[in-house]
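Engineer: how would this look folded up:
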Amino acid sequence: MQASEQKSRFRFKNSKGFIKKKMSDKVSVIIPTYNRENFIKKALDSVLRQTFQNFEIIVLDDGSTDNTKTIVEGYSEKVRYFYQDNRGIAGARNEAIRKSCGGFIAFLDSDDYWMPEKLERQMELFRKHTEYGMVASCCSSVRLDGSFRKKNRHGKSGWVLKDLFEKNFIRTSSAVIKRECLNRAGLFDEEFEECEEYDLWLRIAALYPVGFINEPLAVYVDNPDGVSTDSLAGRLFRLRVLEKDYLKKKIPEKMYSRRIADTCHYIGRHYIKRGRRAEGITYLKRAQMLEPLYVKNLFYLGLSLLK
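Structural biologist: Sure thing, here's the model as predicted:
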């Protein structure tokens, strides 16, 4: 290959004539882990079985005290392993991203796994739609024994910020993101112990159209030891995500009020269920102020005040 031909593979002129580096189609697979010795081998094997093979695997061990390190190091040069003191999943993912070199970043939680054609299908969609900043897919959801748990949540392609704001339909283990997209939108917000991925999806969707494949290309394992965003803490973090200033500007007022009111309603019910009645009533009142015709909330608020 002549030098000029080789150079053209890595640099090109955009529509304004500026010279830019061509993005590598290598995928950096980011696997954060913490005490997942019983799961991580299945996750790693599912990556190695991909029909798309231009990838690197980075495992960021966030302070495991079990046999995780020994299992991962058994894969030798196939996996890059790093250990850090526990910083939480957002910090682990961010550190792994900083150590990666691919033009695309894929996420896989260490207790989930992929279908063999996952990366190939997603990279094909990126090639067809170069405007996409992220491509995700449906996930199967199974119990620890492998039995089917519930139907997949379908999603949409295109400018999906409003759809994502109303309901998060992207599982972390299904997402592949362009590095240039992360450079612009930022990494995971390490202040969030939960909902950090939802926060990132919304920031990306505010800047880029998103692709979605309505087929289960990843498998989410319903691990009772994992983090649940159905908890009170999860809903409180979700409220913080939804209340970020840029969303107030980009989401229609009526849609915004309804989503915040609904989140406050369930936070209030969680508090009351835990015997924290005053805090619960505060959130139910806020929900009612945002949505005066919110009948279900009015019912729970009335019951709580009567008690």
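Engineer: where's the residue nearest to R286 when sequence neighbours are not counted relative to L108, distance?
Structural biologist: In this structure, R286 finds its nearest non-sequential neighbour in C264, 4.8 Å apart by CB to CB, 6 or more residues apart in numbering. (Each C-beta comes from the backbone N, C-alpha and C, glycine too.) Distance, C264 to L108, by CB to CB, to the nearest Å: 33 Å.
Engineer: just the strands in the stretch 201-307 of the chain please.
Structural biologist: Along the stretch 201-307 of the chain, counting by DSSP state E, counting those that start in this stretch, strands occupy 210-221.
Engineer: show me where pLDDT drops low in it?
Structural biologist: For the stretch 201-307 of the chain, the stretches with pLDDT under 70 are 224-230.
Engineer: how about the helices of it, start to end?
Structural biologist: Listed in chain order, the helices found in the stretch 201-307 of the chain under DSSP state H, counting those that start in this stretch are 232-242, 245-250, 253-273, 277-290, 295-306.
Engineer: would you list those in CSV and tack on distance to M123 and mean neighbour count?
Structural biologist: Output for the helices of the stretch 201-307 of the chain, formatted as CSV (distance: least, CB to CB, whole Å; neighbours: other CB atoms under 10 Å):
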stretch, distance to M123, mean neighbour count
helix 232-242, 29, 19
helix 245-250, 29, 12
helix 253-273, 33, 19
helix 277-290, 42, 19
helix 295-306, 44, 14
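Engineer: Just put those in TSV and tack on distance to G133.
Structural biologist: Below are these laid out as TSV (distance: least, CB to CB, whole Å):
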stretch	distance to G133
helix 232-242	18
helix 245-250	16
helix 253-273	22
helix 277-290	31
helix 295-306	36
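Engineer: now for those, which one comes closest to R171?
Structural biologist: R171 sits nearest to helix 232-242 of all those, at 14.8 Å, using CB to CB.
Engineer: And the closest one, what does it pack against?
Structural biologist: In terms of contacts (3 or more CB pairs under 8 Å, 6 or more residues apart in numbering; DSSP states H and E), helix 232-242 is packed against helix 196-205, helix 253-273.
Engineer: Pipe those into a markdown table and attach distance to S140 per row.
Structural biologist: A markdown table is the format used below for the helices and strands packed on helix 232-242 (distance: least, CB to CB, whole Å):
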| stretch | distance to S140 |
| --- | --- |
| helix 196-205 | 18 |
| helix 253-273 | 26 |
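Engineer: Minimum distance to S76: which of those helices has it?
Structural biologist: Per CB to CB, nearest to S76 of those: helix 196-205, 30.1 Å.
Engineer: what's next to that closest one, contact-wise?
Structural biologist: Residues from elsewhere that reach helix 196-205, judged by CB atoms under 8 Å, 6 or more residues apart in numbering: 89-90, 107, 133-134, 159-161, 164-165, 168, 170, 172, 175, 177, 181, 185-190, 192, 210, 229, 237-238, 241, 244, 246-247.
Engineer: could you flag which of these are buried?
Structural biologist: Listed as buried from the contacts of helix 196-205 are 89-90, 107, 133-134, 160-161, 164-165, 168, 170, 172, 175, 177, 181, 185, 187-190, 192, 210, 237-238, 241, 247; burial here means 16 or more other CB atoms under 10 Å.
Engineer: circling back to that earlier point, so of the contacts of helix 196-205, which ones are in helices?
Structural biologist: Among the contacts of helix 196-205, the ones falling in helices (DSSP state H) are 89-90, 161, 164-165, 181, 185, 237-238, 241, 246-247.
Engineer: of all those residues, which comes closest to I58?
Structural biologist: Relative to I58, and with distances defined as CB to CB, the nearest of the ones in helices among the contacts of helix 196-205 is I89, at 14.3 Å.
Engineer: Give the closest residue to the closest one in space, chain neighbours not counted.
Structural biologist: Spatial nearest neighbour of I89, excluding adjacent residues (CB to CB, 6+ apart): P32 at 5.4 Å.
Engineer: The one you found and G63 touch, don't they?
Structural biologist: No - contact criterion CB atoms under 8 Å: P32 and G63 do not qualify, at 10.7 Å.
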